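**Student:** Below is the sequence, then the predicted model.
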Amino acid sequence: MADGLDWESLTEATSGAVGSLVSTTVFYPLDTCKTKYQAEVRSHGQRKYRNLSDVLWEAISKRQFFSLYQGLGTKNLQSFISQFVYFYSYSYLKRLYLQKSGVKSVGTKANLVVAAAAGVCTVIVTQPLDTASSRMQTSAFGKSKGLWETLSEGYWSEAYDGLGISLLLTANPAIQYTVFDQLKHKLLRNQSSKVVPASKESSPATLSAFSAFLLGAISKSVATVLTYPAIRCKVMIQSANTEDKSNMDNQSKPPKTMVGALSSIWNKEGIPGFFKGLEAQIVKTVLSSALLLMIKEKISKYTWISMLALRRFLLASPKRIRNH
């Protein structure tokens, strides 16, 4: 049973999930400010938030600074599971492709397909947690509900609000990790001549912390700029109804489709609205993704050693049982 596991993929998944947990926690207040800012669509002159800092000052002025962490537990759960599923699927599918095709390296087109397939697997598994997290973050400060209560509001099918856009946005990590992998491959290939050939159980080659951070920032910047309009539509669809329901009209309610979100942005904010909050999105996602990949690269060696120890323990256990 132990030999049947894909230990390299498991190592990639565990390292990526731990890196995601740390980066999500570190940048969560910025993520909350960004999400609340992106979710708001109002006509010119009627905006509650004119810029990202207004969200922060609102929390401070109301003495609700720690409300910037509302939904952190759900976000961490979603982030950990999604990164684990993504990295495991990505690593497994990439190795499967190499085995079936017989090629020595994955090309750009094949990498995009593999990354997109891994993204689809991830979205289907974690979409309810993603929706709940967005609703918690966009709730009024101090009024966020728990995970179960948030998901229980309305119909359970609403937990999959934005699923179509989420599937479309699998292009984002596909672009990100393809760019990262291609740049990483080139760097490691330049260093390969200086490295002693790896044994069967040696740890995979890794980047330095600085190189991983830099490549992570570059790859995420490219992916974010290319997919940002869809990112904002997704936030709007998943946002909570924070206004008084008695005073809420149809135009106040969050749109439920991508067409509705695009129409709302176009009618109220024009073309610039499609890129509202882009700077905050880039800062947050680039820093968190770069930190995630840096941590992943730095702990992958130790994770690999731990996985080897676990595998040897599992293989030795049946022998011990038979001997007794």
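**Tutor:** Looks like it arrived, so ask away.
**Student:** which helix in this protein runs the most residues?
**Tutor:** helix 278-323 (DSSP state H).
**Student:** helices and strands around that helix, which ones?
**Tutor:** Secondary-structure packing of helix 278-323 (3 or more CB pairs under 8 Å, 6 or more residues apart in numbering; DSSP states H and E): helix 7-26, helix 28-39, helix 209-238. All C-beta atoms are positioned from the backbone trio N, CA, C, and that covers glycine.
**Student:** of the ones you listed, which approaches I124 most closely?
**Tutor:** Nearest to I124 among those is helix 209-238; the distance by CB to CB comes to 15.3 Å.
**Student:** how about the closest one: buried residues?
**Tutor:** 211-224, 227-238 (16 or more other CB atoms under 10 Å).
**Student:** Show me what secondary structure element comes after it.
**Tutor:** helix 258-269 (DSSP states H and E).
**Student:** Run the angle between that following helix and helix 209-238 for me.
**Tutor:** Using axes from the mean of the first three to the mean of the last three CA atoms, to 10 degrees, the direction of helix 258-269 lies 90 degrees away from that of helix 209-238.
**Student:** Are there helices or strands packed against helix 258-269, and which ones?
**Tutor:** Contacts defined by 3+ CB pairs under 8 Å, 6+ apart place helix 258-269 against helix 163-168, helix 209-238.
**Student:** Low-confidence ranges, this protein, go.
**Tutor:** The chain contains residues with pLDDT under 70 at 1-7, 41-47, 151, 153-157, 191-206, 240-254, 307, 316-324.
**Student:** chain center to stretch 62-73: distance?
**Tutor:** Remark: stretch 62-73 is offset 20 Å from the chain centroid, using CA atoms, centre = their mean, to the nearest Å.
**Student:** so which of the helices and strands packed on helix 278-323 comes closest to G277?
**Tutor:** helix 28-39 (4.4 Å).
**Student:** what about the closest one, distance to the chain center?
**Tutor:** 15 Å.
**Student:** And for stretch 147-167?
**Tutor:** Going by CA atoms, centre = their mean, where stretch 147-167 is centred and where its chain is centred differ by 17 Å.
**Student:** Endpoints of it, how far apart?
**Tutor:** 23 Å (CA to CA, to the nearest Å).
**Student:** Same check on stretch 97-109?
**Tutor:** End-to-end distance for stretch 97-109, by CA to CA: 12 Å.
**Student:** Run through who's touching that stretch.
**Tutor:** K94, A110, V114, T178, D181, Q182, H185 (CB atoms under 8 Å, 6 or more residues apart in numbering).
**Student:** Separate out the buried members of the residues you listed.
**Tutor:** Using 16+ other CB under 10 Å as the burial test, these include K94, A110, V114, T178, D181, Q182 as buried.
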